[in-house]
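Student: Sequence first, predicted coordinates after that:
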Amino acid sequence: MHRSIKIRQFILMLALLLIITRYSLIAKVFFLFFLYIQLLFTSPELALAQISFQFIDFAVSIILLAAAIIYFLMAGKKVKYFQSNLNFTSAVIILLISFFLFAPLITDNNPDFQKDLSVTKLLPPFSSVKVLHLNNDNYSTGNTVDKFINLKSRVIKNSFDDSIIFIDSISAGNKLTYYQGGAEVLLANDKVIFKNNTPLITTRTFILGTDELGRDIFTRLIYGARISLFVGLGSVLISLLLGLFLGFFAGYSEGFIDTALNRLTDMFLAFPVIFFIILIIALFGNSLPSVIMVLGFSGWMSLFKIVRSEVISLKNKDFFVSARLIGLSNIKLLLKETLPYILVPVVVNLVFQYGNVILAEAALSYLGLGTGSSYPSWGSMIEAGQNYLSQAWWMILFPGLALFLTLFAANSLGRKISSHFNPRVNS
Amino acid sequence: MEYFNAVGIGQLNNISMRKEIFKTFAKRGWTSLLVLFLLMTFLFLLLRISPGDPSLKYISPKLSPRLTELVKKSFSLEGSMPAQYKTFILNLAKGDFGISYTYRIPVIRVIERALPFTIMFSLLSFFIQIVSGFLLSMFAVKKINGTADKIISKTSLPVYAVPSFAAGVFLIYIFSEKLNIFPSSGLTSFDTESYSFIQKLIDYAQHLVLPVITLSFNGVAVFYKYLHDNLEDVYNKPFVENLRANGFTEKEILRKHIIPNAVNPLISVAGVELGLLFGGALITEVIFSLPGMGRLTVDAILSRDYPLVIGCTFVAGILVILTNLCADIIKAMLDKRIAKGILN
Amino acid sequence: MKINRLILSLPLIIILVFLSGCQKGSSEKSGRIIAAITSDVESLNPLFAFSDNEGNISELLYASLVQHEWNYKKGDMDTFPMLAKSWEWNGDSSSITLYLRDDVKWSDGQQFTANDVVFSFDVYSDPIVQSKLYGSFRNFFTDTAMHIDLKKTFVAKSSFVLTINFKKNPSPTFYDIDFPIIPEHVYKNINRKDLITAEKEIKPVTDGAFSLSQWNKNQSLILKADKKSFLYKGGNVSELVFKIVPDYNSGITQLKKGEIDLMEDIKADDYPVISNDGSLGIAAVKGREYDYAGWNNLDPDIYKKTKHVVPNKLFGNADVRKALTLAINRDEILKQFLNNHGEVAFGPVSSIFKDAFNYELHPLPYLPDSAKKLLALAGWKDTDRNGTLKKNGQEFSFTLSIPGGNPRREFTATVIQNNLQALGIKIKIEKLEPDVFFQKMFNRELEAWVAGWTVPIPLDLKSFWYSNLTDAQFNVAGYQNKAMDELLKKIEVSPNSNVKNNLYKKLQEIIYSENPVTFLFWDDKLIAYNKRIQNLSVSPLGVFQRCWNWSTK
């Protein structure tokens, strides 16, 4: 049969695919930075005002892309993991990470872009729409500022675009008439870009369809991966710190503190945490940081148990006693002596916890308590899709699938790590 | 039973053992209550500092602002924070949660209506989870690495990864909206008065099919995986080989030796799962609008019905403590050797 | 063996459940009408009928002194007799003499008399009861706690002739006496303080068109037509069932199957499906609710700290607010979300108020270019060309808040965000939990928001637009205008409806030019019904009003 693909090869293939499909965008980004550096010298104040999150995002993405390609071409061979065979789990994880890092390069769209709803609303996957290009007064002088701003508007996409109109059909005449969802609109001829005496019309394809606001689902899915990963990683980090700290504290001090913390943990472990999550989110708002905090605070219990029991069993070992005799402080002890021993169970737990957190975020969104509406998270996409279940199955299917695959990958990764290091221990 | 008797603990030993167990249980009981007390204190503080106002729904062009003022006054607690806290705790101890803002009857009455359903629903789902997990793993383990085993094991992991709320929406879409076989919400049809007992029962069952599936399928995968691994483990133990060599039939080995050995560790998992079920029931109750504790609590939180929020949390806390305790007692009964170990 | 039997019996149970599911057909029955409501009512007690459904049901169970009906011609209400069969106003309309029906009996057989009326006024206005009408008896003689002074107010000439005296200056109307009357002999036995929690103890002894037949909590509420009632005509609806259907989609399915006959709040997306169904009809309550984008005219931080009214840096300027109105594509929201079931709004008076509506005004069109120019005139320009407008070093950026769990608000806010971003305005959408949202809105803490109002009938705009913010609790935008205050005060005291209507027209002109908020659209409230219901009338007052006149085919 066929030879299986190595992880390193897979990553390089993805990078190559990205470069081939987005070569013009990448070239433009490079030119944009070139212009920007020029601008920095000519009019630094103006240049500073141009910095925005998207601009930095592009810069970071392109630098990381270059770095990743160089790394995997040169050094990637030496790392054993990258030389192992590609399987489903690692493919999903690599894809997720690349969505996270290279979102602006993978999709050439703004996740919030919407225009002419009567044409673009609720389009099924692989629909194409005709685009009429308007003749906007571009700054066509040769100075750097104009050049830069012109190029910037073509690289960093806004959520609006005055220079195009989505149409159903068109009929040319003295004045141009175009049709949008049954409505007729007249337009002066000089407003439209003409090519070979016919108005310039291109098509735009929405490969995963559009939502109720005419936004591209593919783009939202890619950017949604960012939110889901960000929420997951952020809250897992909080859980980790809490679990480590409390677990060490309990195991180290024993006695009453240990018992109390233990009971508290039991309570948290068995108490339906979703009650607290809903309570706190409902009472104190659902901004991104508060969702991360709440999810983080609700997932430290199993880590606590692992760390505590490890610390108790380690405490009685010889080297620990001697380390304390040397005079190492508690924190140093924790870091130096215990961490290496609890690393594997903690990592396994974190991976499972990560899956739980992503799921909880989606469930919160389902209840209408997700991360606000400024960010396209998968959960909120599912929530919106529910209202259009019978009209637009694609609105709920794709984010649902993405969520499922992520959960699945997280779960099987956890299982793999645990069986790799400790074949007979089940989580 | 032979299996347990083999442990062989003397009569005298047994009495001191019981004393020991009782002591640990007592300790466990009071620490649990302490934690519950801390929990309620935390909740009290949380509700005091949270934004939102239960009298908001009395602000409307249809109602006089004078009424709003009056209602606001009747909702707000009097006295300083410590004094409020004192009455709060004293009332809790008496089991008096006050009067629900929304339902305008004592909180206890409101909870009375919702609690039996949630307990019944959770236990039913729990039973289904264990039974189907058990049956599936027995079925799969008959021929380890056979086709059935592979298929079930391969599907169990993805099934576990399906979010239950997504599955609920999907089930409603397929079975209620498209196929129109099962009702999508509620617990009974509206005109059940004229029904016979059997008809009523069937009506209940119909309404519960989709919610029970939604609540159970994740758990089935968990129990399956767990039992399957245990069974496989025991199968590979040398004593099974010995039994086989001694001429016991496969059936006998399975029923008398393998199953008891594999089921035992399951109980601790079951305890945790049962606790988690109450949380899972919350989402399911919301999706299918079932009249249980979960929906009651969510509604209470969203409508700022503070007395009801406190009542619901308290009852949920008690339930959790009881289920944990039950799981441990069962475990201790099954194997007295581990009684001391697990209680710490 | 046991296991095998269990496995075998499982599919059998499933098949049994499945089969019995197929038996159910439609539940059409002559004379019975089933209406879907999304959640159960908490109370049948008219004193505490706070929700819309509670109000509707209590009015079906308990009769009022008079009843009102919508007059489409003049766009206002007409008054008709109910418990009072006729009446006389005295010359300066400071008192009214009611001639009550003497043939009305409560459902337990007791006679209805003027005592019940006086008792009702007493209980409704008693502060200790906290009834839904407490505080609204402003035209009556009351003590400082707004409790009606019975001695000064009521003079009973006989058991069926009652005179009500009003306070000197105000102009009382029939709305002051239109509420369900409660039976004295039932309510007087209960301590007034406990009335609010005594739902179980109070038997629904009624005198309305319907009486309570059955109440299965969270399932259904069944009313039977009271055949002895003076409102009953033979052949009309005999049984009205309120079925609790929390899930919207299942409601639609049941409607199509004929399991329910009536459902309110139909989504615009389902309009075609229902109107294509031969057995179903769809009607709309127009012009009762409008959506708007609110701009805080005040500086929220200063207002919160000192209660001083200082104009908002962004929205304090009427030209800026006009620019925002011009820049929002209201037509697109209306067409794409509500499928055009509504009309673009420009003020707080809708076109159903025929005589008060200003026909000379037309909503501003969507003109982003003019909006840009207006903003530039007001000093907002993109000086450093990074895409955001600035003035005196401050960026034009703000947070637009919406309540969570409402897809329409989310849709509207997203379109507004996009429209305004195209002008160079930075705008962030913040989805708040509804309770928190409304608390902040009423405290005037939000910068900008999207919400909706239901316009009260009869029109009452003072609490929405009056400048004194402690009096006008619904002036959440903190709008300030002296001319407007004058108009509102005049409207309040003018008895003549012609004068009033002209004043309302002027008020609309001011709002049209000042744009205190951006009015988005009046949305139609869609109601689907089975065509077997005859005599169904859907007026701005709602669908269940006078539903005792319905009949079935």
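Tutor: The structure has been received and is ready for your questions. These figures come from a predicted structure and were not determined experimentally.

Student: Quick one: name the residues of chain A near chain B.
Tutor: By Cβ under 8 Å from any Cβ of the partner chain, the residues of chain A that approach chain B are A:259-260, A:263-264, A:266-267, A:269-275, A:278-280, A:282-284, A:355, A:359, A:362-363, A:366-367, A:382, A:386, A:389-390, A:396, A:400, A:403-404, A:407-408, A:411-412, A:415, A:424, A:426. Backbone N, C-alpha and C define where each C-beta goes, glycine included.

Student: List buried residues within the residues you listed.
Tutor: When neighbours are counted using 16 or more other Cβ atoms under 10 Å in any protein chain shown, the residues of chain A next to chain B contain these buried positions: A:259, A:263-264, A:266-267, A:269-275, A:278-280, A:282-284, A:355, A:359, A:362-363, A:366-367, A:382, A:386, A:389, A:396, A:400, A:403-404, A:407-408, A:411-412, A:415.

Student: Could you tell me which ranges of the stretch 51-200 of chain B sit under the pLDDT cut-off?
Tutor: For the stretch 51-200 of chain B, the stretches with pLDDT under 70 are B:77-79, B:144, B:189-194.

Student: which parts of it sit against chain A?
Tutor: Within the stretch 51-200 of chain B, the residues that sit near chain A (Cβ under 8 Å from any Cβ) are B:51-52, B:157-158, B:160-163, B:165-166, B:169, B:173, B:177.

Student: Can you tell me the closest non-neighbouring residue to A:Ile69?
Tutor: A:Ala15 (5.2 Å; Cβ to Cβ, 6 or more residues apart in numbering or on different chains).

Student: Under a three-state scheme, what state does the one you found occupy?
Tutor: The three-state assignment at A:Ala15 reads helix, by DSSP: H, G, I helix; E, B strand; the rest coil.

Student: restrict the buried ones among the residues of chain A next to chain B to contacts with chain C.
Tutor: When Cβ under 8 Å from any Cβ is applied, the members of these adjacent to chain C are A:282-283, A:389.

Student: Looking at these, spot the one nearest chain C.
Tutor: A:Ala282 (5.1 Å; Cβ to the nearest Cβ).

Student: That closest one looks like it's in a helix, true?
Tutor: Yes: counting by three-state DSSP, one finds A:Ala282 located in a helix.

Student: From C:Ser351, how far out is it?
Tutor: 39 Å (Cβ to Cβ, to the nearest Å).

Student: ok, back up a step: and the residues of chain A next to chain B, which of them are in helices?
Tutor: When DSSP state H is applied, these are split such that A:259-260, A:263-264, A:266-267, A:269-270, A:273-275, A:278-280, A:282-284, A:355, A:359, A:362-363, A:366, A:382, A:386, A:396, A:400, A:403-404, A:407-408, A:411-412, A:415 fall in helices.

Student: what about chain A, any weak spots by pLDDT?
Tutor: Applying pLDDT under 70 to chain A picks out residues A:1-3, A:76, A:137-142, A:267, A:269-272, A:319-320, A:328-338, A:368-374, A:421-427.

Student: Read off the pLDDT value for the residue of the stretch 151-300 of chain C found nearest chain A.
Tutor: The minimum distance from the stretch 151-300 of chain C to chain A, using Cβ to the nearest Cβ, falls at C:Asp269 (6.9 Å). We have a pLDDT of 87 for C:Asp269.

Student: Next up, the contacts around it.
Tutor: By Cβ atoms under 8 Å, 6 or more residues apart in numbering or on different chains, C:Asp269 lies in contact with A:388, A:391, C:339.

Student: Report the buried members of the residues you listed.
Tutor: Buried by 16+ other Cβ under 10 Å: A:388, C:339, out of these.

Student: So for the longest helix that chain A contains, what gets flagged as buried?
Tutor: In chain A, with assignment by DSSP H, the single longest helix is helix A:217-253. Neighbour counts over helix A:217-253 (16+ other Cβ under 10 Å) mark A:217-232, A:234-236, A:238-240, A:242-252 as buried.
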